[in-house]
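1. okay, predicted coordinates and the sequence, questions at the end:
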Amino acid sequence: MNPDLPLTERLIRWIPTDARAGLLRRGMIVWAVAFFLGLYAYSQKGHSFGASLVYSYAISTCIWFCADALRIAAHRWLGTFGPHYWALSPRMVLFLFSGTVLGYVMGTGIGDLYSQQSTLPLILRSPTRFWGVLLSSLGISLAFLAFFYQREKGREMERQATEARLKLLETQLEPHMLFNTLANLRVLIQTDPPRAVAMLDRLGDYLRATLTASRTDAHAGGHTLADEFERLHDYLELMSVRMGPRLRYQLILPEALARRGVPPLLLQPLVENAIRHGLEPRLEGGEITVAATADDDRELKIEVNDTGVGMDIGPTPPRSANGGFGLSQVRERLESLPGKGRMEVESQPGQGTRIHLYLPAPNP
């Protein structure tokens, strides 16, 4: 054990970090219900008010610890994975039942120590009442576990549905970018063959890097802002072959935000629209700036600015402004994020376009 770690970190280091918030949340729910169970036990005149609360909190806490905290700690043996560590299997059912019984026995022992009396004589005096209390306690505990299981299962299904929707939008964006690039390449082949060859080489490098990064992201389970900016750099270099000095760009990414997670290909449609609808119609071209900022690691803000021809979007920007497909897809992807993101568009004819993306803070 590392003595330099804080005491709280040393106590919970055996709990995976992605499960701690949920474990604490379920513990608070158990404690809240334990208070009312203690009131009910007191109303039955079996113990004093203090003893009833001690029995209720001790039994509830021990069952929560044995059936929930230890379940997460034993996730490798149970064959479960984060962030919920639930699975419906014979091994899991046996573990939860055993943990519930063990927690009940431990909690009852703590209550006996506080009240300075033993629960065991109750078996001899009133076995029916004893087994009734035991079975009702086990029933309440298993009902709690079933509730938590169904809730976390529902959240997992919602998360998978969101990921599937984002993946569908991503697969729609990739061909859109490729078709536009091939159309531009066809024009260059007829007008400037050397630049067409250079662009074709750059396109091959870009597709190779994108494919490799996609496989890496899928294996690692995440796509970071640094990955997004790297792909954006490759795409802008590809466009620079076609536009030459008419295209200038800046990518501003603070080191502190490099590991923040974002959906893949979130920024490229915005940059593609800025080039196609903003800079290309302008004889002298222009500049694109992409910058990421965040306040206190909360909401992530990304700005995509161009000095192109701009547009008249009116008091209420249409969903399809500035390129239609690109902005509508990005808006859909933001709305699909947990916590929902949003996009704002500012533009005037002759003064370029500024797009603000606001992404919700990641889950703790």
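-> That came in fine, so what should we check first? Please read these numbers as outputs of a predicted model, since none were measured by experiment. Numbering: from 1, shown residues only.

2. which SSE is immediately downstream of the least confident helix or strand in the chain by mean pLDDT?
-> Within the chain, no helix or strand scores below helix 7-12, which has a mean of 58 by mean pLDDT, DSSP states H and E. The helix or strand immediately downstream of helix 7-12 is helix 17-43, counting by DSSP states H and E.

3. against which helices or strands is that following helix packed?
-> helix 49-64, helix 127-191 (3 or more Cβ pairs under 8 Å, 6 or more residues apart in numbering; DSSP states H and E). Any C-beta I mention is one placed from the backbone N, CA and C, and that applies to glycine too.

4. try it again at 7 Å.
-> Contact partners of helix 17-43 among helices and strands, from 3 or more Cβ pairs under 7 Å, 6 or more residues apart in numbering; DSSP states H and E: helix 49-64.

5. list the helices and strands the helix it packs on packs on?
-> helix 17-43, helix 90-115.

6. give me the contact list for the helix or strand that it is followed by.
-> Going down the chain from helix 49-64, the next helix or strand is helix 70-73, by DSSP H and E. Here helix 70-73 makes contact (Cβ atoms under 7 Å, 6 or more residues apart in numbering) with 14-16, 19, 23, 78, 85, 95-96, 99.

7. what is the nearest of these to residue 229?
-> Top of the list for closeness to residue 229, among the contacts of helix 70-73 and by Cβ to Cβ, is residue 16 at 29.3 Å.

8. ok, how many other residues are close to that closest one?
-> 16 (other Cβ atoms under 10 Å).

9. hmm, back to that, which of the helices and strands packed on helix 49-64 sits most buried?
-> helix 90-115 (a mean of 17; mean count of other Cβ atoms under 10 Å).

10. how distant is it from the center of its chain?
-> 34 Å (Cα atoms, centre = their mean, to the nearest Å).

11. nearest to residue 332, out of the helices and strands packed on helix 49-64?
-> Of those, nearest to residue 332 by Cβ to Cβ is helix 17-43, at 27.1 Å.

12. quick one: mean pLDDT for that closest one?
-> For helix 17-43, the mean pLDDT works out to 81.

13. that one to helix 90-115, inter-axis angle?
-> Angle of helix 17-43 versus helix 90-115, following axes from the mean of the first three to the mean of the last three Cα atoms, to 10 degrees, is 50 degrees.

14. begin at 603 from here
-> Okay, using 603 as the starting number, the last item reads as helix 619-645.

15. need the residues that contact the longest strand along the chain.
-> With secondary structure taken from DSSP state E, the chain has its longest strand at strand 888-896. Residues from elsewhere that reach strand 888-896, judged by Cβ under 7 Å, 6+ apart: 827, 834, 850-856, 859, 869, 873, 876, 880-881, 902-910.

16. pairing partners for that strand, with directions?
-> Strand pairing for strand 888-896, using DSSP bridges, gives strand 849-854 (parallel), strand 902-908 (antiparallel).

17. which strands or helices does the next helix or strand after the longest one pack on?
-> Read that as strand 902-908. Using DSSP H and E, the helix or strand that directly follows strand 902-908 along the chain is helix 927-938. Packing partners of helix 927-938 (3+ Cβ pairs under 7 Å, 6+ apart): helix 729-793, helix 870-875, strand 944-949.

18. number of nearby residues for the nearest residue to residue 936 once chain neighbours are set aside?
-> Counting by Cβ to Cβ, 6 or more residues apart in numbering, residue 936 lies nearest to residue 943, which is 3.5 Å off, once chain neighbours are set aside. Residue 943 has 22 neighbours, counted by other Cβ under 10 Å.
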